[in-house]
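let me see the structure of the following:
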Amino acid sequence: MPRGTASAPPSPPLSTELYCGAAVSEPLCFLHSYLITFVETGDPYEWRGYLYTFLLFALTIVRGIIQQQHFFGKFSTGVRIRGTLNAAVYRKVRLSTVLLAWRDSGKQGSPVIGPDGRASV
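The predicted model follows:
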């Protein structure tokens, strides 16, 4: 690569829900317009109306399933992060109270903290 030319930064990867949601939502818009034109023009082929209606129903169900899976993934990730942060804060508070108790006790040496987080001062 010659000097002075900068390459463009890589684009971020698309979210699965964003990609699948767009792949399902765009045909829904087209189906709506097809269904409206079918009703307005009075097309003699009734099966087209039933086909548009069935496809509209099926794609709506698929979109709902995709959105539900996306929400479940994000919600479970948030719960795991919140639990980890709570545990870290609780461990820090417990350690600081142990160290304060050790400092106020006036004993020499350092407190021995076991694997369960309890100190034997």
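
so residue 47 sits in a helix?
Yes: membership of residue 47 in a helix is supported by DSSP: H, G, I helix; E, B strand; the rest coil.

for it, give me its contacts.
For residue 47, the contact set (Cβ atoms under 8 Å, 6 or more residues apart in numbering) is empty. C-betas here are computed from N, CA, C, even on glycine.

for residue 85, see how far away it is.
Using Cβ to Cβ, to the nearest Å, residue 47 is found at 57 Å from residue 85.

one more: residue 73?
Residue 73 sits 19 Å away from residue 85, going by Cβ to Cβ.

do the same with residue 43
Using Cβ to Cβ, residue 43 is found at 59 Å from residue 85.

of these two, who's got more company?
residue 43 (13 against 10; other Cβ atoms under 10 Å).

and the pLDDT for that one?
Here the pLDDT value assigned to residue 43 is 77.

can you give me the strands in the chain?
Using DSSP state E, the strands of the chain run over 112-113, 119-120.

tell me which residues of stretch 59-68 come out buried.
Neighbour counts over stretch 59-68 (16 or more other Cβ atoms under 10 Å) mark 59, 63, 66 as buried.

appreciated, that's everything.
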